[in-house]
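Asker: model the following, please.
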Amino acid sequence: MEDDTATEILEATYRALCRHGYANLTLEDIADEADRSKAAIHYYYDSKGNLFIEFLDFLYERYTARLPAVDGGTPREQLFAVFETVLTNEAAPPGQELRTALLEAKAQAPYDDAIQTRLTEFDVVLFERLRDILAAGVTTGDFAETVDPAVDAEFLVTAITGAHTRRVAVDYPSEKLHATVIRYAEQHLVADELSEAAH
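Answerer: I've put the predicted structure just below:
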């Protein structure tokens with residue numbers, strides 16, 4: 001498939017998911033968004049499922065590009081930048097409408113190995129980024145010596161994933177979720193002297 005056509009269809013998929021959600025999404029909806037015929041979409045993808053897997057790969061590339069690099073600023077600044085990126089920026093991908101659609105897709109993951117595999121990749125990249133930041137911060141003294149990078153990164157990924165679900169399911173404000181995670185990090189991860197200096 002030509003790169004321009006691929007990008008056009010995947011961008012249309014993004015818009016259609018935001019508009020219709022995953023459960024109600026059809027190839028015709030995507031064709032309408034792409035201003036192409038349904039047959040043209042079928043030429044490249046034989047099912048909504050195959051297109052959605054390709055779309056998750058496309059979204060993964062955007063998601064990883066948005067996560068702040070682990071080389072820049074102090075580990076504490078890097079950690080809080082990740083929180084800012086994944087918890088508060090509703091306008092940038094994945095955005096609130098897409099989070100809603102992806103929550104529907106996550107419900108399909110136990111029954112669809114391909115979806116589960118793609119969603120696992122999102123989980124792993126966030127875990128590894130957080131683990132690396134925490135490990136660096138323990139070394140520099142930004143984070144307390146009691147921090148276990150792997151265990152605490154696991155907890156943070158779980159908290160962030162739960163925050164996304166809570167935001168979508170009960171419309172809980174992103175700002176409050178962000179503030180809660182920051183408060184937790186200040187109290188349980190950041191070295192005492194740095195945490196006190198911030199207040």
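Asker: going by C-alpha atoms from here, please, whenever you check contacts or count neighbours.
Answerer: Will do.
Asker: avg pLDDT for the strand or helix carrying Cys18?
Answerer: Cys18 belongs to helix 3-20 when assigned by DSSP states H and E. Mean per-residue pLDDT for helix 3-20: 84.
Asker: so what does it touch, helix or strand wise?
Answerer: Packing contacts for helix 3-20, counted by 3 or more Cα pairs under 8 Å, 6 or more residues apart in numbering; DSSP states H and E, involve helix 27-34, helix 48-66, helix 95-108.
Asker: in this structure Ala105 contacts Tyr22, no?
Answerer: Yes - here Ala105 lies in contact with Tyr22, judged by Cα atoms under 8 Å, at a distance of 6.2 Å.
Asker: how's the chain carved up into domains?
Answerer: Following automatic domain parsing, one finds the domains of the chain at 1-66, 69-199.
Asker: returning to that earlier point: mind checking the helices and strands packed on helix 3-20 for the one nearest to Thr7?
Answerer: Of all the helices and strands packed on helix 3-20, helix 48-66 sits nearest to Thr7, with 8.6 Å by Cα to Cα.
Asker: list the buried residues of that closest one.
Answerer: Neighbour-count burial for helix 48-66 flags 48, 51-60, 63 (criterion: 16 or more other Cα atoms under 10 Å).
Asker: same deal with stretch 99-116?
Answerer: Buried residues in stretch 99-116, counted by 16+ other Cα under 10 Å: 99-103, 105-106, 109, 114-116.
Asker: pick the one among those closest to Arg15.
Answerer: Nearest to Arg15 among these is Ala101, at 10.7 Å by Cα to Cα.
Asker: could you find the closest non-adjacent residue to that closest one?
Answerer: Sequence neighbours aside, Gly21 is the residue nearest to Ala101 in space, at 4.4 Å (criterion: Cα to Cα, 6 or more residues apart in numbering).
Asker: any idea of the pLDDT on the residue nearest to Ser37 when sequence neighbours are not counted?
Answerer: Nearest residue to Ser37, sequence neighbours excluded (Cα to Cα, 6+ apart): Ala31, at 5.6 Å. Note for Ala31: predicted pLDDT of 91.
Asker: quick check: Ala31 vs His42, distance?
Answerer: Look at Ala31 and His42: by Cα to Cα, to the nearest Å, they are 9 Å apart.
Asker: these two: who's more crowded?
Answerer: Between Ala31 and His42, Ala31 has the larger neighbour count (other Cα atoms under 10 Å), namely 20 against 15.
Asker: show me what contacts the more buried one?
Answerer: Ala31 makes contacts with 9, 12, 37-38, 40-41, as judged by Cα atoms under 8 Å, 6 or more residues apart in numbering.
Asker: which of these are buried, as a PyMOL select command?
Answerer: To isolate the buried ones among the contacts of Ala31 in PyMOL, judged by 16+ other Cα under 10 Å, type:
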select buried, resi 9+12+38+41
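Asker: looking at the contacts of Ala31, which is nearest Tyr184?
Answerer: Using Cα to Cα, Ala12 is the member of the contacts of Ala31 that lies nearest Tyr184, at 38.4 Å.
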